[in-house]
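**Q** sequence and predicted structure below; questions after.
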Amino acid sequence: MSRVSKFAARDPGPAARMAGFMAHLRSHGLRLGVGETATALSALTHVTAADPVAARHALRAVCTGSAEDVQSFDDLFDAFWLNGGRVLQKVIPTAQTGDDAVHSSRNAKTENQAAGAGALSTPDGGEGESEADGEGKLVASLVAATLKKDLRDLVDPEDIAEAQKIARNLGAALRDRRSRRRKAARRGDQIHFRKLIRQSLATGGEPLRLPRKKRPERPLKIVAICDVSGSMTVYAQVFLAFIAGLMRGDDTADAYLFHTRLVRISDALRDRDAMRALGRLSLLADGFGGGSRIGGSLTDFARGYARRFVDGRTVVMILSDGYDTDTPDLISDALSALKRRGCKIIWLNPLKGWDGYEPVARGMAAALPHLDLFRAANTLADLAALEPELVRL
Amino acid sequence: MTHIELQVALAATGYIAGDDLAVAMHLAISLGRPLLLEGAAGVGKTDLARAISSVRDTALIRLQCYEGLDASQAIYEWNYQRQLLSIRAAAEDGVTGRAVEERIFSDEFLLERPLLKAIRQKVPPVLLIDEIDRADEEFEAYLLEVLSEFQITIPEMGTITATSRPIVILTANGTRDLSDALRRRCLYAHVEYPDRATELAILKARCPEVEAALGRQIIGFVQSLRKEGLEKTPGIAEMLDFAAALMGLGIADLTDDPVLLQASLSTLLKTQRDRDNITTEITQRLAGVAA
């Protein structure tokens, strides 16, 4: 049995299929415009388009733009072109569900939409018509949706606006530490006279170049890593709003979620539409509210993303209650590896706000020696109160 | 030229490209789009540009990006000293005004930097913009214009349009995130560490004198070393250095001499901590696995 998707006889042709594929990628978070559709079509004319492997490579080169895109691309490609009549499991649970989740290029056009929706669920073996119609598919996708937490239920726009304000203040508190000393710079606000005189000696006193100097900026960058495991679900609202606000208020910030694995959410959260950002996040955070592997996730972070994004001018903010299923050694090793990169580490633990809390959870105890700051944070107000502490850091 | 022909031609120059990379490169050439390569250090991103220029038999023009890179290093610069001398000389000859201006703002006094040089070649060259993520965001934004229009405006001379469209390869290591705008204008390929067979082919192409059995051991050793969670994972260049070192030391089998093998690890391990972590026992285990 071929795994290649079947398209209806009245399918308008490759262009519409490609448009359908692009819509499919777009609905799963890849940022593609009309231009890419045209490029993708012309790319296929330069390879053997009928060869699935070559077509996959070609479309991957056109449609992806980052390592994360590449990871999801193969699954999305399979789901659309090689779905063998199956319906994709992941569906964005919104009103647009029906259209975007259907992987048929017929939907690229607006006509004929209702008529053939059932064909998708027709089995490849082809013993008669499938009973299922468009509605059946929709039910399946709704079931899938209820199994997952939609983060939008947890966070509302006012929270985000409030958190954004706090995040911006925190960001500013960290950022605004400019040096008093001025340094030679290509683009500066003052002329570097000493250098000017020195250089013009070579040209008989004519100042040919105006060397400049400026105050070097020494910004600190925030990297937020948020625990969204089961035990943290009640606090997730505050933290996610905060992270969303942070990402939107500060374009150098970086954010990650972890439960049983680590997910980078920076790109998803930078979406201009705050609610859509959370929608994309819901997809990424598959496994939200599950078990927690703090040690493993932090190790992944220290070994992977940290190499690219963490340096001496970074503050790593970990939002977690410290209840871990991994061994405490892992946390300790991961944090010391992070520390070696020269960053500051802040741990915000919602439990610390409780009376009589002691950091006795093994994970938390292992982490303590590596922390620059260990604070409670249960509400947005707690986070706002962090500002003076961060300035001192 | 199909992507398979391209792959074969690249292999002839000693560059073994995977299918996905070959297709991406082939599309970049046939669609005339820049190709953005990302991946860990030492997987052969920069080397692809060299290989392509040798396949196409054209010049390789390289722009190494760094923080603070600006127009005068990347695009063009006037030769101010010569201009000044020329003005002085003109004054003595009694030439003034417009004539002097025309003379000093001409090709004669223009210093071409990589971008301008690349678009003024008769034969389309390969333009390598290396480590674009090290350059400032302003420069990245400027590149967008050059890469889509292939023209450069010099205020004193006017707009210079490309005589030929260069094959543009950009590389990035992820020092910072690149803008969506830049990513959208480029084709993209993520370059991974090569698999065993590919890496063996690379070794054969570059060091044909290494015997087959030792070659397999070397690749097995390096590939398992990469899984050891090092701070700095050895890339292809390190692997080739390692092979060369073994040849130099006259080692025919990795399991032969533990001391020499440990000593030759300086070609693969580049930090103090990695050196400490990979003890003789681990080295022997890896060499044993590889054998």
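**A** Thanks, I have the structure now. Everything quoted here is computed from the prediction, not taken from an experiment. Residues are numbered from 1 along each chain as shown, chains lettered A, B, ... in the order given.

**Q** so where do the helices sit in the stretch 151-291 of chain B?
**A** B:180-185, B:196-206, B:212-226, B:236-249, B:258-264, B:272-277, B:280-290 (DSSP state H, counting those that start in this stretch).

**Q** near chain A, which residues of chain B show up?
**A** B:2-3, B:19-20, B:22-24, B:26-28, B:30-31, B:33, B:35-36, B:38, B:68, B:70, B:80-81, B:84, B:173-177, B:180, B:183-184, B:186-190, B:229 (Cβ under 8 Å from any Cβ of the partner chain). Yep, even glycine has a C-beta here, placed from its N, CA and C like the rest.

**Q** switch the cut-off to 7 Å
**A** B:3, B:19-20, B:23-24, B:26-27, B:30-31, B:38, B:68, B:70, B:80-81, B:84, B:174, B:180, B:183-184, B:187-190, B:229 (Cβ under 7 Å from any Cβ of the partner chain).

**Q** and B:Ile52, what helix or strand is that in?
**A** Secondary structure assigned from DSSP states H and E places B:Ile52 in helix B:45-56.

**Q** sheet partners, orientation included, of the helix or strand just after that helix?
**A** Using DSSP H and E, the helix or strand that follows helix B:45-56 in sequence is strand B:60-64. Using DSSP bridges, the strands paired with strand B:60-64 in its sheet are strand B:126-130 (parallel).

**Q** what's around residue 18, how many residues?
**A** In the absence of a named chain, this looks at chain A. When neighbours are counted by other Cβ atoms under 10 Å in any protein chain shown, A:Met18 registers 19.

**Q** hm, I was asking about chain B
**A** Neighbours around B:Gly18, by other Cβ under 10 Å: 16.

**Q** skipping adjacent residues, who's closest to it in space?
**A** B:Thr198 (6.3 Å; Cβ to Cβ, 6 or more residues apart in numbering or on different chains).

**Q** how much space between that neighbour and chain A?
**A** 15 Å (Cβ to the nearest Cβ, to the nearest Å).

**Q** tally of neighbours for that residue?
**A** 16.

**Q** quick one: secondary structure of A:Ala377?
**A** Secondary structure assignment for A:Ala377 (DSSP: H, G, I helix; E, B strand; the rest coil): coil.

**Q** could you pull up phi and psi at the closest residue to it other than its chain neighbours?
**A** Computed as Cβ to Cβ, 6+ apart, the closest residue to A:Ala377 that is not its neighbour in sequence is A:Leu348, at 3.9 Å. Main-chain dihedrals, A:Leu348, degrees, to the nearest 10: phi -110, psi 120.

**Q** do you know how far A:Leu348 is from B:Ile119?
**A** From A:Leu348 across to B:Ile119, the span is 52 Å (Cβ to Cβ, to the nearest Å).

**Q** what does the stretch 151-300 of chain A put close to chain B?
**A** A:Arg186, A:Thr203, A:Glu206, A:Leu208.

**Q** for residue 264, what are its contacts?
**A** Using chain A here. A:Glu68, A:Tyr256, A:Tyr305 (Cβ atoms under 7 Å, 6 or more residues apart in numbering or on different chains).

**Q** wrong one, chain B
**A** Shown in contact with B:Ser264 (Cβ under 7 Å, 6+ apart): B:Phe242, B:Ala245, B:Leu246, B:Leu249.

**Q** next, the contact list for the closest residue to B:Leu182 other than its chain neighbours, please.
**A** Ranked by Cβ to Cβ, 6+ apart and with sequence neighbours excluded, the top spatial neighbour of B:Leu182 is B:Glu140, at 5.6 Å. Contact analysis of B:Glu140 by Cβ under 7 Å, 6+ apart lists B:Ile132, B:Leu178, B:Ser179, B:Leu182.

**Q** does the last one touch B:Tyr142 like I think?
**A** This points to B:Leu182. No. B:Leu182 is beyond contact range of B:Tyr142, at 10.7 Å (criterion: Cβ atoms under 7 Å).

**Q** the two: who's more crowded?
**A** When B:Leu182 and B:Tyr142 are compared on other Cβ under 10 Å, the one with more neighbours turns out to be B:Leu182, at 21 against 18.

**Q** and the most centrally placed residue in chain B, how far from B:Leu37?
**A** Nearest residue to the geometric centre of chain B (Cα atoms, centre = their mean): B:Thr46, 1.9 Å. From B:Thr46 across to B:Leu37, the span is 9 Å (Cβ to Cβ).

**Q** mind listing the shared neighbours of the two?
**A** Common neighbours of B:Thr46 and B:Leu37 (Cβ under 7 Å, 6+ apart) are B:Thr171.

**Q** returning to that earlier point: from the contacts of A:Arg264, which is closest to A:Ile191?
**A** A:Tyr305 (41.0 Å; Cβ to Cβ).

**Q** which of the contacts of A:Arg264 fall in strands?
**A** A:Tyr256 (DSSP state E).

**Q** who wins on neighbours among the contacts of A:Arg264?
**A** The most crowded member of the contacts of A:Arg264 is A:Tyr256, carrying 22 neighbours; neighbours defined as other Cβ under 10 Å.

**Q** closest residue of the stretch 101-250 of chain A to chain B?
**A** As assessed by Cβ to the nearest Cβ, chain B sits closest to A:Leu208 within the stretch 101-250 of chain A, at 4.5 Å.

**Q** number of residues surrounding the closest residue to that residue other than its chain neighbours?
**A** Leaving aside its chain neighbours, A:Leu208 sits nearest to B:Tyr80 (4.5 Å; criterion: Cβ to Cβ, 6+ apart). Counted with other Cβ under 10 Å, residues neighbouring B:Tyr80 total 15.

**Q** nearest residue to B:Val191 other than its sequence neighbours?
**A** Once flanking residues are discounted, B:Val191 sits nearest to B:Gly39: 3.5 Å by Cβ to Cβ, 6+ apart.

**Q** any idea how the chain splits into domains?
**A** Using chain A here. Annotated domains of chain A cover A:14-82, A:183-214, A:221-392 [the TED database].

**Q** nope, chain B please
**A** Using the TED database, the domain parsing of chain B gives B:3-77+B:108-191, B:196-290.

**Q** quick one: the last one to chain centroid distance?
**A** Right, the one you point to is domain B:196-290. 24 Å (Cα atoms, centre = their mean, to the nearest Å).

**Q** my guess is the residue nearest to B:Val191 meets B:Ala189, correct?
**A** No. With contact defined as Cβ under 7 Å, B:Gly39 does not count as touching B:Ala189 (8.3 Å).

**Q** which one's more surrounded, those two?
**A** Neighbours per residue, other Cβ under 10 Å: of B:Gly39 and B:Ala189, the larger number sits with B:Ala189, 29 against 20.

**Q** list the beta-bridge partners for the more buried one.
**A** Counting by DSSP bridges, the residues bridging with B:Ala189 are B:Leu37.

**Q** how much space between the spatially most central residue of chain A and chain B?
**A** The residue lying closest to the centre of chain A (Cα atoms, centre = their mean) is A:Ile265, at 2.0 Å. Per Cβ to the nearest Cβ, A:Ile265 is found 13 Å from chain B.

**Q** next one: A:Asp326
**A** Taken as Cβ to the nearest Cβ, the span from A:Asp326 to chain B is 15 Å.

**Q** which residues does that residue contact?
**A** A:Arg293, A:Ile294, A:Gly295, A:Gly296.

**Q** hmm, which of these is lowest in pLDDT?
**A** Least confident of these in the model: A:Arg293, at 82.

**Q** surely that one meets A:Thr325?
**A** Yes. Assessed by Cβ under 7 Å, A:Arg293 is found in contact with A:Thr325 at 5.9 Å.

**Q** this completes my enquiry, with thanks.
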